[in-house]
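1. with the sequence up front, the predicted model follows.
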Amino acid sequence: MNILITVVLGLLGFLILVASHELGHFTFAKLFGIRVPTFSIGMGPKLFGFKRNGTDYIFSLFPIGGYVHVYGMEKGEMNGEPDEFLSKSLWKQYFVIFGGPLFSFLLGLFLFYGSVLSTGVSVIENAPISIINNGNKATSIPFQNNDSIISVNGKKIVYWNDVYKYLSKNGANEFTVIRHDSIASITLPKNKFNIIKNISPEIPAVIGQVERNSAADKAGIKTGDKILKIDSVPVNNWDGFVGIIKKNVNNKLNLSVLRGKDTLSISVIPKPQKGLDHDTIVTYGAIGVMVKTAMVKVNPVYALYLAYDQSISSIKLIGYQLKLLIEKKVSAKMLGGPISIIKLTGDYANWGVAALIGFIAFISINLALINILPFPPLDGGQIVMFTLYRIMGKKLSEKVMMFIEYTGFALIILLMLYVTYNDIFRLFHK
């Protein structure tokens, strides 16, 4: 993607994240009658803006953040006036502070919901079974390779995803399969439910989507191409295709491709990409393609359930990544800041609008989770500070307050400098 478009999309996505977060603080402050002198998108000197209902709405020079000035939270503003932050009840203070993370989470949920509702969900066509893991050898798996599941508990299977959709966790599951041109019935007892995790469909190696400007795109690979061979090795399914690509970082591969009725020879060089393999960061080859899937529309209620599920899954993933970071199983060099967000926004835009929306939703939920950590000057740290203030019945001494605030800000600034260094290093050392 053109670098200018990448930067513009990245900045726009980043500013949407900032604006949503700050709008949460602003909304609850206004709702509870607290004075809000300034609402800024961006940091530093004011570029332009307007004033309405006692608030200056401004756009500032540096698009790396934003802030809401809630009156009565800063030094010299705590005078006991009725429209001050500390003049309000504790629960109102909590809502004002927690409003930022709440709105960030709601933005992520809304974006996931809008994406699912407008584009539907990606599903894999039903295909014969490929047993991928026998698990405990003492446990027999009643399915066989090349079984085709045609129904689960009496419900017809059209897409592989339907297998999981119609499963019952509370009782036995009845499967009807086609095996060697005949019909067979399989009963999976309740205590054998997890066996279903050991099987997957034999997905054909057909290209469903090609990332713009990727290695595959530049090589001339198209949507709908079927991969027959890589060098002299036959490719029987998608997993086999991906496995070879991953093992050949920066190695030239010759692909035999079926396009319509023609068989073509295409050369491609997988580019290095980093990702998680269990608890370890690994480098593997990637060419920028996705498997062929179908998009199925869902009703608004089910779409909301799916969006909520995506949001919770995002929280779990973020928590897992933080755990690995704390346990030093992944390097702090993997941390990224605003530059990384802007770059990744452009990268995801190469996959289309749905991927871009999903990425912004994930980052918004990431912002919500990080901000509730009990660390000054994050929102979670502010909640701790004001809770201590109420418990003690008086403010901490000015020296203590200044030490906590300055230490927190210094650590945040150091962290921002560190992640910005990581961002710049990655840009020039690919």
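-> Now that the structure is in, tell me what you want to look at.
2. check which helix or strand the spatially most central residue of the chain maps to.
-> For the chain, the residue nearest the mean C-alpha position is Phe362 (3.3 Å; C-alpha atoms, centre = their mean). Per DSSP states H and E, Phe362 falls inside helix 353-371.
3. near Phe175, how many other residues are there?
-> Neighbour count of Phe175, defined by other C-beta atoms under 10 Å: 22. C-betas here are computed from N, CA, C, even on glycine.
4. residue contacts, it?
-> For Phe175, the contacting residues are Phe143, Ile149, Ser151, Val152, Ser185, Ile186, Thr187, Leu188, by C-beta atoms under 8 Å, 6 or more residues apart in numbering.
5. the last one - how many residues pack around it?
-> Residues contacting Leu188 under the criterion other C-beta under 10 Å number 20.
6. who's the closest spatial neighbour of it, skipping the chain neighbours?
-> For Leu188, ignoring the flanking residues on the chain, the nearest one in space by C-beta to C-beta, 6 or more residues apart in numbering is Asn173 at 4.5 Å.
7. now Val384: how far from Asp231?
-> Distance of Val384 to Asp231, computed by C-beta to C-beta, to the nearest Å: 59 Å.
8. which stretches of the stretch 101-250 of the chain have low pLDDT?
-> Scanning the stretch 101-250 of the chain for pLDDT under 70 picks out 132-139.
9. list of residues touching the helix holding Phe362?
-> Contacts of helix 353-371 (C-beta under 8 Å, 6+ apart): 9, 13, 16-17, 20-21, 100-102, 104-105, 107-109, 111-112, 114-115, 119, 310-311, 314-315, 318-319, 341, 344-345, 348-349, 378-380.
10. and these, which are buried?
-> The neighbour count (16 or more other C-beta atoms under 10 Å) marks 9, 13, 16-17, 20-21, 100-102, 104-105, 107-109, 111-112, 115, 310-311, 314-315, 318, 341, 344-345, 348-349, 378-380 as buried among the contacts of helix 353-371.
11. list the ones among those that fall in helices.
-> Counting by DSSP state H, the buried ones among the contacts of helix 353-371 place 9, 13, 16-17, 20-21, 100-102, 104-105, 107-109, 111-112, 115, 310-311, 314-315, 318, 341, 344-345, 348-349, 379-380 in helices.
12. assess the claim that Leu90 and Ile391 are in contact.
-> No. Leu90 is beyond contact range of Ile391, at 9.9 Å (criterion: C-beta atoms under 8 Å).
13. so the two - more neighbours on which side?
-> Neighbours were counted for Leu90 and for Ile391 using other C-beta under 10 Å; Leu90 has more, 13 against 9.
14. any idea how far that one is from Tyr389?
-> Applying C-beta to C-beta, the value for Leu90 to Tyr389 is 9 Å.
15. and for Ile312?
-> Distance from Ile312 to Tyr389, counting by C-beta to C-beta: 33 Å.
16. which of these two has more neighbours?
-> With neighbours defined as other C-beta under 10 Å, Ile312 and Tyr389 compare such that Tyr389 has more, 16 against 12.
17. which secondary structure element contains the more buried one?
-> Going by DSSP H and E, Tyr389 is in helix 379-392.
18. that helix: which residues count as buried?
-> When burial is assessed from 16+ other C-beta under 10 Å, helix 379-392 yields the following buried residues: Asp379, Gly380, Gly381, Gln382, Ile383, Met385, Phe386, Tyr389.
19. dump the residue contacts of the fifth one.
-> Read it as Ile383. So Ile383 contacts Tyr94, Ile97, Phe98, Pro374 (C-beta under 8 Å, 6+ apart).
20. let me see the domain layout of the protein.
-> 129-201, 207-292 (automatic domain parsing).
21. most packed of those?
-> domain 207-292 (a mean of 16; mean count of other C-beta atoms under 10 Å).
22. that domain: end-to-end distance?
-> By C-alpha to C-alpha, to the nearest Å, the extent of domain 207-292 from end to end equals 5 Å.
23. need the phi and psi values for the closest residue to Ile129 other than its chain neighbours.
-> Take Ile129 and drop its neighbours on the chain: the residue closest to it by C-beta to C-beta, 6+ apart is Asp147, 4.6 Å away. Main-chain torsions, Asp147, degrees, to the nearest 10: phi -60, psi 140.
24. now the residue nearest to Phe375 when sequence neighbours are not counted: how far from Pro374?
-> Nearest non-adjacent residue to Phe375, counting by C-beta to C-beta, 6+ apart: Gly381, 4.7 Å away. Here Gly381 is placed at a distance of 6 Å from Pro374 (C-beta to C-beta).
25. what's the answer for Leu12, then?
-> Distance of Leu12 to Pro374, given as C-beta to C-beta: 32 Å.
26. what's the answer for Asn299, then?
-> The value you get for Asn299 to Pro374, if C-beta to C-beta is used, is 40 Å.
27. so which of these two has more stuff around it?
-> Neighbours were counted for Asn299 and for Pro374 using other C-beta under 10 Å; Pro374 has more, 13 against 9.
28. isn't the more buried one right up against Val384?
-> Yes. Contact status for Pro374 versus Val384: in contact at 4.9 Å, counting by C-beta under 8 Å.
29. quick one: the helices in this structure?
-> Listed in chain order, the helices of the chain (DSSP H) span 3-31, 90-119, 161-165, 215-219, 238-246, 300-326, 338-349, 353-371, 379-392, 398-428.
30. run through the residues that contact the spatially closest residue to Phe103 that is not a sequence neighbour.
-> In space, and not counting its chain neighbours, Phe103 is closest to Gly24: 3.0 Å by C-beta to C-beta, 6+ apart. With contact taken as C-beta under 8 Å, 6+ apart, Gly24 is in contact with Phe98, Gly99, Gly100, Pro101, Leu102, Phe103, Ser104.
31. returning to what we had before: keeping just the C-alphas, turn the helix holding Tyr389 into CSV.
-> What follows is helix 379-392 as a C-alpha-only set of coordinates in CSV (Å, rounded to 0.1, in the frame of the first residue of the first chain):
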residue,chain,number,x,y,z
ASP,A,379,-6.7,5.2,34.9
GLY,A,380,-6.4,2.2,37.2
GLY,A,381,-3.7,4.1,39.2
GLN,A,382,-5.9,7.1,39.5
ILE,A,383,-8.7,4.9,40.9
VAL,A,384,-6.3,3.6,43.6
MET,A,385,-5.1,7.1,44.4
PHE,A,386,-8.6,8.6,44.9
THR,A,387,-9.7,5.5,46.9
LEU,A,388,-6.8,6.0,49.3
TYR,A,389,-7.8,9.7,49.5
ARG,A,390,-11.3,8.7,50.6
ILE,A,391,-10.2,6.0,53.0
MET,A,392,-7.7,8.3,54.7
